[in-house]
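K.L.:
Sequence and predicted structure below; questions after.
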Amino acid sequence: MREIELNELKNPQYVLVGNKKMKFSELVDSYIELKKQNKKAIKKYLQEQALKPYQAELIKMQEFLEKNQKRMVVLFEGRDAAGKGGTIRRVTRYMNEKHYRVVALGKPSDVQKTQWYFQRYTEQLPRGGEIVLFDRSWYNRAMVEPVFGFCTEEEYENFKKDVVDYEKSLVRNGTILVKIYLSISKEEQAKRFAKRQRDPLRQWKLSEIDLQAQDKWDDFTQMKYEMLKTTHTIYAPWTVIRSDDKFKARLNTMKVILNAVDYNNRDEELDFVPDKEIVVSGAREIEIMEVDRINSGKFTS
């Protein structure tokens, strides 16, 4: 009996945590998990702190636009779970909410379906001194609608003919237009979908369309290529941002937006150069996709 008690003291099966009896092995597992969570929380905190100098610059940029009555439009496109919403929230977190709007339009109404396609987006364009950030934009007709059959082939072809002139007109009339495509890998998208399914706080993000995104990966890739090929222009170029790493995508998105405006009092100590491993031009992305198609027989990115 004495020997058993000594062994239990050396290798206890149970310990008291407060007034609760707990298996020692479970306590060790809980400690390891807590340590892991703390490490993750610290990393996230440091990343959020690293964004703050650029968020301060975004406020300066916003004040410059307001003072000079400049209009700015930022389009955020990309596959489901590419990080559009989270990136927009970081970009706008400290901005003056009187002078920016985030626009995320739902399905068009029956009346809107009878109107000129660009009309409901045109109604959302900024006034002088305002920034409008589109969480998906008129480019729904370049990817989502044709992939899922929500538009006709004629409507899709008309969009490709019209959109270049539409954007050229916006820019010619003084609107600063920034087009950002957040590019996520198939593997990372699958991981984020799985996380949403497990997390009751994120399940609302999953729609029927999201659940089909992996099956239609190749279709979306083909439409992405057609979109870039047709609509990457000197007036309205695309910037592609790799978004598997959320922090790097958010940081570089801020740099891209800041570099689009020649505002005053820029912090000379900050690095405004985008990471070339994260940010590529639309033209370069087309080249990468074409090489990829030659090597593998199909587009994969």
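P.N.:
Good, I have the coordinates.
K.L.:
In terms of secondary structure, what does the longest helix seen in the chain contact?
P.N.:
Counting by DSSP state H, the longest helix found in the chain is helix 24-67. Contact analysis of helix 24-67 by 3 or more C-beta pairs under 8 Å, 6 or more residues apart in numbering; DSSP states H and E lists strand 14-17, helix 84-92, helix 246-259 as its packing neighbours. Backbone N, C-alpha and C define where each C-beta goes, glycine included.
K.L.:
could the ones you listed go into JSON lines alongside mean neighbour count?
P.N.:
JSON lines is the format used below for the helices and strands packed on helix 24-67 (neighbours: other C-beta atoms under 10 Å):
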{"stretch": "strand 14-17", "mean neighbour count": "12"}
{"stretch": "helix 84-92", "mean neighbour count": "20"}
{"stretch": "helix 246-259", "mean neighbour count": "21"}
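K.L.:
any chance you could map the helices in the stretch 101-250 of the chain?
P.N.:
Assigned by DSSP state H, counting those that start in this stretch, the stretch 101-250 of the chain shows helices spanning 110-113, 119-122, 144-148, 153-172, 186-198, 208-212, 217-231, 246-259.
K.L.:
Deepest in the core, which of the ones you listed is it.
P.N.:
Comparing the helices of the stretch 101-250 of the chain by mean neighbour count (mean count of other C-beta atoms under 10 Å), helix 246-259 ranks first with a mean of 21.
K.L.:
could you point out which element follows the longest helix of the chain?
P.N.:
Next in sequence after helix 24-67, counting helices and strands by DSSP states H and E, comes strand 71-78.
K.L.:
Point out the one among the helices and strands packed on helix 24-67 that comes closest to Lys168.
P.N.:
In terms of C-beta to C-beta, the element of the helices and strands packed on helix 24-67 nearest to Lys168 is helix 246-259, at 20.5 Å.
K.L.:
Partner strands of the next helix or strand after that closest one and their direction?
P.N.:
Next in sequence after helix 246-259, counting helices and strands by DSSP H and E, comes strand 279-281. Sheet pairing for strand 279-281, assigned by DSSP bridges, gives strand 238-242 (antiparallel).
K.L.:
And the strand it pairs with, how far out from the chain middle?
P.N.:
Remark: strand 238-242 is offset 10 Å from the chain centroid, using C-alpha atoms, centre = their mean, to the nearest Å.
K.L.:
Next, the residues that contact it from outside, please.
P.N.:
The contact list for strand 238-242 (C-beta atoms under 8 Å, 6 or more residues apart in numbering) reads 178-183, 228, 231-232, 248-249, 252-253, 256, 277-282, 284-285.
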